[in-house]
Structures are given as C-alpha cells and as structure tokens.
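**Q** one predicted model, sequence on top.
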Amino acid sequence: MRNKFLDGRSARDIDAQVAKILRGLGNPEPPLDLDAVRELLRLDRQYYSSTDDSAIREFVSRAVIAGKQVALRPMLVIDAIRKWDLKALYLPDRKRILIDESQHRLKWRWSEAHEVIHSVVPWHQTLMHGDTTHTLNPTCHAELEGEANYGAGRLLFLQGVFDEFARSSAVSFKLVQDAQKQFKNTITSCLWRVIETLEVPALGIVSQHPHYTDEEFDRTAPCRYFIRSRKFEEMFASFSEQDGFDILSSYCSWGKRGPLGKREIVLTDDRGEEHLFSFEPFHNGHELLTLVAYLKPNKVIVPVSGA
Ligand SMILES: [Zn+2]
C-alpha cells in the first residue's frame, strides 16, 4: 500500500480542525493525552470484541462507518462490524467511539485518533439514509478514510511540534526511534510521519524480512507499506516497491532483530541522474522497517582541463 497525499485544501481544512483541538488543550507537549481530547470534545470511549458485543447492544441509530454517517437499526451496527471487520467506529448519537479490543493494543491509539477526526470533520457528518449495503461499501470511502488517517497523524504528532522535531536532527532511523519515545505512537506511524514531513527525497518501506518470508508473502506486492516523500514521488516515480525490496534482499543481514545493516546505495532518478541514498533496515521482531534517506547527488568528478 502506498501513501497518498491529500489535496492542499482538504489537508488545510483538516489541519484547522486539529489546530482547534490542540488549542483547546493549551497546545500541549508530546505525548498527546487522548483522555484529555475526549474530555474536551465530550466524547465517550468503549471497547467491544467480536465475541462480546454488550457495548453496542444499547439503542444506536446512527454510526460513522468508513467515513460516512449512516442511519442504522441497532442490530445493523453489530452486523456492519462483523461484515466489514471494523476495527473502530464512531456513534454520533452517543458521541461514542467504539474500538475493537481484539486488535493489537498498540493500534488502539491510532484507531481512537482516527475516530476523533471523523467526529470533528464537518463533511464526514452527512447523514445517509436508505440502502446501507450500498452506502457502506468501504471502497467508496477510501478518500474519507485517507482524510481521517491524515488527521489522526496530525493530531497524534501535534502538527508543528513534530514538523520542528523532524527537522531538528539528521535523518536516520534514530530519528524514528526518538519520535516513538517522545510521541508514544507506533514505530510504523513514526516512520510514516517522518517520511511525509521531509522536504527532501525519502522513502519508508515496511515489509517482511527478505530472508524469512512466510506463506502470506506476495512477490508482486512485497511491501506492506511503501511510503514516499513528495520529492521522492516527483523525482523517482518509476522506482517501484519491488526495486526497493530487491535492494534489501541483496544485502540485508540474516539477523532477526535490530539494525540489519546500513548501506549507501545509488538510485537513478527519472531524468537519468544518480543520487546517493542511505538504506537503514531495522527489524522490530515483527516486521522490517527501512528508512531510505537522501545523502547527495552522485556526481562523477571530472578533472578541470588545462590545469
Ligand atoms: Zn474511518
């Protein structure tokens, strides 16, 4: 899956909503306290599990699912959760965020922030009546989901606070790890935010370990996430996730945890010019996260003639 930048206007509108929340909290220092966010917005949070749905049994007539508010009968909420394997949803008439407790605990924070954004973005509040099987089609709402994810990132990383943090030191995997310590978000979301914030060509790859792939590994789509900075997208449009994964396979170590070998690699941009990048793969015991950072143009030094 590739990251996709929002158009400027949607990003600005969502940033304005996030700024309002952060102002309401007195522009706090990281990490963001989601309890305070819920208190400010008068939101309630409950957990549900696919085996115990008591949290959603009470009467609910509206829900925000995949970014669209839908009118539902109570049982339909339970059906929708099962049918679309929802990890979280927002119930506007209860001002309640529901989070699936069966997903990994580390992901709860992201799910909650995602639903907070649904609750504050005005155009995610359009009430849709009628044919819920049609209106609930998640693929129709990829755009709204993208917006909620953008807002979740901006909220959990405190907008400008993170922008400054990311620019304050050299781009390396240590920056990603420091972000995790300071902002208390998952390492994957830290890698994602670092790449999207950078104004230079940069790439983030989240994949399986090339030397220990399992039966779920798909050679045609080897990366779970392929995150490109704007500049990378512009200059290296033809560089594919296979290219990135092949480079990692060619040299990374057989270690199962921690750094798997930093290396300088030359990549050729779409205009045929060479640039030097540093590849830094790190295995967190679960997945391989790789930071690809720009170093410099790879110019051949031609001796000055007549010297
Ligand atoms: Zn959503």
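**A** In hand now; what should we look at?
**Q** who touches stretch 111-125?
**A** 13-14, 17-18, 20-21, 34, 37-38, 41, 43, 45, 64, 67-69, 87-90, 92, 95, 97-100, 103, 144, 147-149, 151-152, 155-156 (Cβ atoms under 8 Å, 6 or more residues apart in numbering). Backbone N, C-alpha and C define where each C-beta goes, glycine included.
**Q** then stretch 3-13?
**A** 14, 121, 146-147, 150, 192, 195-196, 225-228, 230, 233.
**Q** what's stretch 148-155 in contact with?
**A** 6, 10-11, 14-15, 17-18, 21-22, 32, 37, 67, 110, 113-118, 120-121, 124, 189, 192-193, 196.
**Q** so which of the contacts of stretch 111-125 are in strands?
**A** Here DSSP state E is the test, and these give R45, V64, K68, Q69, A88, L89, Y90, I97, L98, I99, D100 as lying in strands.
**Q** pretty sure the fifth one sits against R96.
**A** In other words, A88. No: with contact defined as Cβ atoms under 8 Å, A88 does not reach R96; the gap is 11.0 Å.
**Q** now list the buried members of the contacts of stretch 3-13.
**A** 14, 121, 146-147, 150, 192, 195-196, 225-228, 233 (16 or more other Cβ atoms under 10 Å).
**Q** give me the subset of those lying in helices.
**A** I14, G146, E147, Y150, W192, I195, E196, E233 (DSSP state H).
**Q** dump those residues into CSV; add pLDDT as well.
**A** As requested, these are exported to CSV (pLDDT from 0 to 100):
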residue, pLDDT
I14, 96
G146, 88
E147, 91
Y150, 95
W192, 95
I195, 97
E196, 95
E233, 97
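**Q** next, give phi and psi for L158.
**A** phi 50, psi 40 (degrees, to the nearest 10).
**Q** that one: how many residues sit nearby?
**A** 22 (other Cβ atoms under 10 Å).
**Q** tell me which helix or strand of the protein sits lowest on mean pLDDT?
**A** Lowest on mean pLDDT, DSSP states H and E among the helices and strands of the chain sits helix 132-135, with a mean of 45.
**Q** element containing H275?
**A** Using DSSP states H and E, H275 falls within strand 274-283.
**Q** that strand pairs with which strands?
**A** Paired strands of strand 274-283, with direction, are strand 258-259 (antiparallel), strand 263-268 (antiparallel), strand 288-297 (antiparallel) (DSSP bridges).
**Q** looking at the ones you listed, which is closest to D214?
**A** Comparison of the strands paired with strand 274-283 against D214 by Cβ to Cβ identifies strand 288-297 as nearest, at 12.6 Å.
**Q** so what touches the closest one?
**A** Residues contacting strand 288-297 (Cβ under 8 Å, 6+ apart): 171-173, 176, 187-188, 191, 194-195, 200-210, 244, 248, 252, 260, 264, 273-283.
**Q** now the residue in the stretch 201-307 of the chain positioned nearest to the ion. Nearest residue, chain neighbours left out?
**A** In the stretch 201-307 of the chain, the residue found nearest to the ion is Y225; the distance is 17.7 Å by Cβ to the ion. Excluding the flanking residues, the one nearest Y225 by Cβ to Cβ, 6 or more residues apart in numbering is V206, at 4.0 Å.
**Q** can you pull the contacts of P28?
**A** Contacts of P28 (Cβ under 8 Å, 6+ apart): L22, A36, L158.
**Q** any low-confidence regions in the stretch 201-307 of the chain?
**A** Applying pLDDT under 70 to the stretch 201-307 of the chain flags the ranges 305-307.
**Q** just to revisit the earlier point, pipe the contacts of stretch 3-13 into a markdown table and attach distance to S240 per row.
**A** Converted to a markdown table, the contacts of stretch 3-13 look like this (distance: Cβ to Cβ, whole Å):
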| residue | distance to S240 |
| --- | --- |
| I14 | 30 |
| V121 | 33 |
| G146 | 21 |
| E147 | 26 |
| Y150 | 24 |
| W192 | 19 |
| I195 | 17 |
| E196 | 19 |
| Y225 | 14 |
| F226 | 8 |
| I227 | 14 |
| R228 | 11 |
| R230 | 18 |
| E233 | 12 |
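**Q** could you give the bridge partners of Y48?
**A** Beta-bridge partners, per DSSP bridges, of Y48: D100.
**Q** quick check: it vs W110, distance?
**A** Per Cβ to Cβ, to the nearest Å, Y48 is found 17 Å from W110.
**Q** mind listing the helices for this protein?
**A** 8-24, 34-41, 74-83, 108-120, 132-135, 142-156, 160-168, 173-183, 187-197, 230-235, 241-251.
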